[in-house]
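>>> would you be able to build a 3D model of this:
(chains A and B)
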Amino acid sequence: QVTLTESGPALVKPTQALRLTCTLSGFSVSSTGVRMNWIRQPPGKALEWLARIDWDDDKFYSTSLQSRLAISKDTSRNQVVLTMTNTGPADTATYYCARTLSRSPVGDAFDLWGQGTVVTVSS
Amino acid sequence: QSALTQPPSASGSPGQSVTISCTGTSSDVGGYDYVSWYQQHPGKAPKLMIYEVARRPSGVPDRFSGSKSGNTASLTVSGLQAEDEADYYCCSYAGSNTVIFGGGTKLTVL
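Predicted structure coming up:
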């Protein structure tokens, strides 16, 4: 079964770093063509794309957040990790891991999503 | 980059058709034929409904269709059904391997 499962802290204090993990099942993060993304959604608000990492370790970031984000992959654990530094209340959101549609030339469509992990940034 | 502009709400009666617009700029929607649409029910993850403006993934009913003209993309849902009530988000390629989402539209089936 092909699934994505996000995990991470439910509560983070402002200014602390946030580390989120996406565990892949049914396919490998290192398989040719696999591109993995993090997307977030604040409560009651719209989706926001954050970052992407490709099978060949290419990495891409949201222009507005790139200074605070780092995406990586652990091939031995079949996981994708997102680290966000200097968090604030505006980072409170559900964070989703999503796979780019394989036939998408530019990586604009996401065909497999995790259930999301809820993160609250508060003191 | 600002979010793509979608109407906050749309509605239609069962069996009717409804169209949701998604307006961007020449740097995103207007510059590329890479617009996707997502359906999100409350408390659930988004689901891909349309990609590359008008292509449907396997399993998505043909009641859902997409189009684009200039800087505006559109999602049309024909033959509205109760289960189509959800939030819908557009997404566009914005160059340099980045994407941008719309603000979302809440579709109500009356």
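
>>> write out the residues of chain B neighbouring chain A.
B:1, B:3, B:32, B:34-36, B:38, B:45-48, B:51-52, B:57, B:89, B:91-93, B:96-104 (CB under 8 Å from any CB of the partner chain). Backbone N, C-alpha and C define where each C-beta goes, glycine included.

>>> show me what the lengthiest strand in chain B is packed against.
In chain B, taking DSSP state E as the definition, the longest strand is strand B:86-93. Identification of packing neighbours for strand B:86-93 by 3 or more CB pairs under 8 Å, 6 or more residues apart in numbering or on different chains; DSSP states H and E yields strand B:18-23, strand B:35-40, strand B:72-77, strand B:99-101, strand B:105-109.

>>> who wins for proximity to A:W55 among those?
Closest approach to A:W55 among the helices and strands packed on strand B:86-93 (CB to CB): strand B:99-101, 18.3 Å.

>>> need the contact list for the residue most central in space within chain A.
Nearest to the geometric centre of chain A sits A:W38, at 2.4 Å (CA atoms, centre = their mean). Contact analysis of A:W38 by CB atoms under 8 Å, 6 or more residues apart in numbering or on different chains lists A:20, A:22, A:49-52, A:71, A:80, A:82, A:95-98.

>>> which one of the helices and strands packed on strand B:86-93 lies nearest to A:A10?
strand B:35-40 (21.4 Å).

>>> what's the closest one in contact with?
Contacts of strand B:35-40 (CB under 8 Å, 6+ apart): A:47, A:108-110, B:22, B:29, B:46-53, B:64, B:66, B:68, B:73, B:75, B:84, B:86-93, B:104.

>>> closest to A:S62 out of the helices and strands packed on strand B:86-93?
A:S62 sits nearest to strand B:99-101 of all these, at 8.9 Å, using CB to CB.

>>> contacting residues around that closest one?
A:39, A:46-49, A:107-108, B:1, B:3-4, B:24, B:28, B:89-94.

>>> what strands flank it, and is each parallel or antiparallel?
Applying DSSP bridges, strand B:99-101 is found paired with strand B:86-93 (antiparallel).

>>> got the angle between the strand it pairs with and strand B:35-40?
150 degrees (axes from the mean of the first three to the mean of the last three CA atoms, to 10 degrees).
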